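K.L.:
Could you look at this predicted model? Sequence included:
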Amino acid sequence: MVAIAGDGGTHDIGIQALSGAAERNCDFIYICYDNEGYMNTGNQRSGSTPLGAISGTTPVLGKQQEQKDMAAIMEAHGLPYVATANAAYPLDLHDKVRKAMSMKGTRFIHVFVPCPPGWRFPFSDTISIGQLAVESGWNILYEIKDGHFRMTAGSEAIARKGRLRPVREFIARQGRFATVTEEQVNRLQAWAETRWKRCLDRAASQ
Ligand SMILES: Cc1ncc(C[n+]2csc(CCOP(=O)(O)OP(=O)(O)O)c2C)c(N)n1
């Protein structure tokens, strides 16, 4: 069985039922389609909307809280398989779905999907914005299979040889950050670096 839901449906509305199912290790694949907001209903902020982003419910100053790390919350349930993916890296996404299909129990795949109207950028930039999210460490690609952590695709390549681009480049390409402050950009940079370092340390210790 496969369940697919947005970030609003996953991080906020459905988290209780999802957590109950995950705690019981129910046999299904759950795919979260994360466009960082309630987009069907007019771009209200969700638990996944980032700090500083303008939305229907944070229209003036942007969201004042940082986003919830849903993959980490799901990992804390002790699931057999947790993975992050990104629409700009379709082969990586394909591999993770195939791997999840070969397993049993609750399997969670968190897919980062840029949203042109909600994030306010041209449709033709969708793939490059998705790539920039990975290249800046805003979105980190990894999988945790039976407790074994591994970085994948663009994130694995940067971890091996390379360095992250500043998150400022990702932010600057999107109208939803029109009112972002310097202090918020610095907080977002620190947020990305902390998560990146944690992933590097984990990958090195496996
Ligand atoms: C339990 C419940 N609450 C509220 C709604 C109304 N609703 C329909 S779509 C939607 C937005 C969901 O946002 P998200 O899950 O992020 O998916 P997206 O629209 O971004 O694809 C909401 C709140 C609903 N259908 N069911």
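P.N.:
On my side now, so go ahead.
K.L.:
interface residues of the protein facing the ligand?
P.N.:
By Cβ under 6 Å from any ligand atom, the part of the chain that sits against the ligand consists of 5-9, 13, 33, 35, 37-41, 46. Where you see a C-beta, it was placed from the backbone N, CA and C, and this is true even at glycine.
K.L.:
Pairing-wise in the sheet, spell out the partners of the most centrally placed residue in the chain.
P.N.:
Nearest to the geometric centre of the chain sits residue 112, at 4.8 Å (Cα atoms, centre = their mean). Listed by DSSP bridges, the beta-bridge partners for residue 112 are residue 34, residue 86.
K.L.:
List the residues that contact it.
P.N.:
Counting by Cβ atoms under 8 Å, 6 or more residues apart in numbering, residue 112 touches 34, 84-87, 130, 133, 139.
K.L.:
and of those residues, the nearest to residue 179?
P.N.:
Taking Cβ to Cβ as the measure, residue 179 lies nearest residue 133 of the contacts of residue 112, at 20.3 Å.
K.L.:
gap between the closest one and residue 126?
P.N.:
11 Å (Cβ to Cβ, to the nearest Å).
K.L.:
Surely residue 130 and residue 92 touch.
P.N.:
No: assessed by Cβ atoms under 8 Å, residue 130 is found out of contact with residue 92, at 11.3 Å.
K.L.:
Give me the number of neighbouring residues for the residue of the chain found nearest the ligand.
P.N.:
Residue of the chain nearest the ligand, by Cβ to the nearest ligand atom: residue 6 (2.1 Å). Residue 6 has 22 neighbouring residues, counting by other Cβ atoms under 10 Å.
K.L.:
Can you list the buried residues in the host helix or strand of residue 156?
P.N.:
Assigning secondary structure by DSSP states H and E places residue 156 in helix 153-160. For helix 153-160, a neighbour-count test (16 or more other Cβ atoms under 10 Å) marks 153-156, 158-159 as buried.
K.L.:
do stretch 199-206 as well
P.N.:
In stretch 199-206, counting by 16+ other Cβ under 10 Å, buried: 199, 203.
K.L.:
got the CA coordinates for that stretch in PDB?
P.N.:
Coordinates of each C-alpha in stretch 199-206 appear next as PDB, following Å, rounded to 0.1, in the frame of the first residue of the first chain:
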ATOM      1  CA  CYS A 199      24.900  14.400   8.100                       C
ATOM      2  CA  LEU A 200      28.600  14.400   7.400                       C
ATOM      3  CA  ASP A 201      29.400  13.200  10.900                       C
ATOM      4  CA  ARG A 202      26.800  10.400  10.600                       C
ATOM      5  CA  ALA A 203      28.100   9.300   7.200                       C
ATOM      6  CA  ALA A 204      31.700   9.300   8.500                       C
ATOM      7  CA  SER A 205      30.700   7.100  11.500                       C
ATOM      8  CA  GLN A 206      28.900   4.400   9.500                       C
END
